[in-house]
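# quick one, fold the following:
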Amino acid sequence: MISYDVWQTERLAALVAEDGWLNLTDRVEIPQGPQNIGRARGNDLVLSVGPQHLGVLMATAHSAVLRVADQDLAFTAQGGNPMLRVLGLLLELHSVEGQPALRVRDLSLPRSVKLTSYPFDPTWIITAKWETLATPQAQLVDQKGAGATQVTLTHRAHFTHEGQDVTLLATHWKAGKPMFVIRDATAGAETYAASRFLIAEPAGETITLDFNRAHNPPCAFSDFAICPLPPRENRLPFAIRAGERKLG
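Next comes the predicted model:
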């Protein structure tokens, strides 16, 4: 596991990157068939930024092409969703439950954010039991900004805190690591109300939960993001004063 200081540096760098969450201006679902796209009202897909008529977008759940002035520009994936950089915009194709949508980022916008965190507390680095479920389980997860989505549960983390048994469900995975969507007693007053994310690292039958690395989800930075909400098991009755606080 990288050091906490390096993690904070990489966290901030990802947020202020061109494909981060600070310059997201639009998210529009893409119907079937060719779609005229641009800022003018007469377009099929109306954006808040960019030229009046950007081009014609043809997309499926997994691929997209934008025709601009009789030239077809293909979206390409580089370790993530397919993207296209064109006329000062960064277009990203993503899909929710098979429905393709377009995220639009304005590359001319300033990208800066001030993150505040609780003081680092080593007591919130917890070694938990890492349990594999006997049978994978399908579960619906509510989302902020969209309807519920189905995930497959394969693992859970178990530990005790001040005499309470705690079992956290790993509902998502990021870069091969389990992600826990959590909410605790600080939510709303001190931390982002909807949730925080915690990505952990298993090691055999244990997993290290470093709550100092609990961080705000994309929805804390943009109204155009979609974020999973914590399942019942991950809504904790006690306060976790570690990790990122809500934005000021």
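# sec struct for L198, please.
strand (DSSP: H, G, I helix; E, B strand; the rest coil).
# please apply the same query to the one 4 residues further on.
Look at P202: counting by three-state DSSP, its state is strand.
# which ones are touching it?
W130, H155, K177, P178 (C-beta atoms under 8 Å, 6 or more residues apart in numbering). The C-beta positions use only the backbone N, C-alpha and C, and glycine is treated the same way.
# can you pull the phi/psi pair for the closest residue to the second one other than its chain neighbours?
What it means is H155. Spatial nearest neighbour of H155, excluding adjacent residues (C-beta to C-beta, 6 or more residues apart in numbering): A170 at 4.9 Å. Phi and psi for A170, reported as degrees, to the nearest 10, are phi -90, psi 100.
# and for L15?
Phi and psi for L15, reported as degrees, to the nearest 10, are phi -70, psi -40.
# again with N212
phi -60, psi -20.
# skip the chain neighbours and tell me the closest residue to it.
Take N212 and drop its neighbours on the chain: the residue closest to it by C-beta to C-beta, 6+ apart is A242, 4.8 Å away.
# ok, then the element right after the longest strand anywhere in the chain?
In the chain, assigned by DSSP state E, the strand with the most residues is strand 125-144. Sequence-wise, the next helix or strand downstream of strand 125-144 (DSSP states H and E) is strand 146-161.
# if we go by neighbour counts, what in that following strand is buried?
Judged by neighbour count using 16 or more other C-beta atoms under 10 Å, the buried positions of strand 146-161 are A146, T149, V151, L153, H155, R156, A157, F159.
# please apply the same query to stretch 53-65.
Applying 16+ other C-beta under 10 Å to stretch 53-65 flags L54, G55, V56, L57, M58, A59, A64, V65 as buried.
# likewise for stretch 125-140?
I125, I126, A128, W130.
# F238: which of those is nearest?
Nearest to F238 out of the buried residues of stretch 125-140 is I126 (C-beta to C-beta; 12.7 Å).
# show me the domain layout of the chain.
Domain ranges of the chain: 23-106, 114-234, per automatic domain parsing.
# sorry, back to before: can I get the buried residues of strand 146-161 in TSV with distance to E10?
Below are the buried residues of strand 146-161 laid out as TSV (distance: C-beta to C-beta, whole Å):
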residue	distance to E10
A146	27
T149	27
V151	26
L153	28
H155	24
R156	27
A157	23
F159	26
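# list just the nearest of those to I199.
Once C-beta to C-beta is applied, the member of the buried residues of strand 146-161 that ends up nearest I199 is A157, at 12.1 Å.
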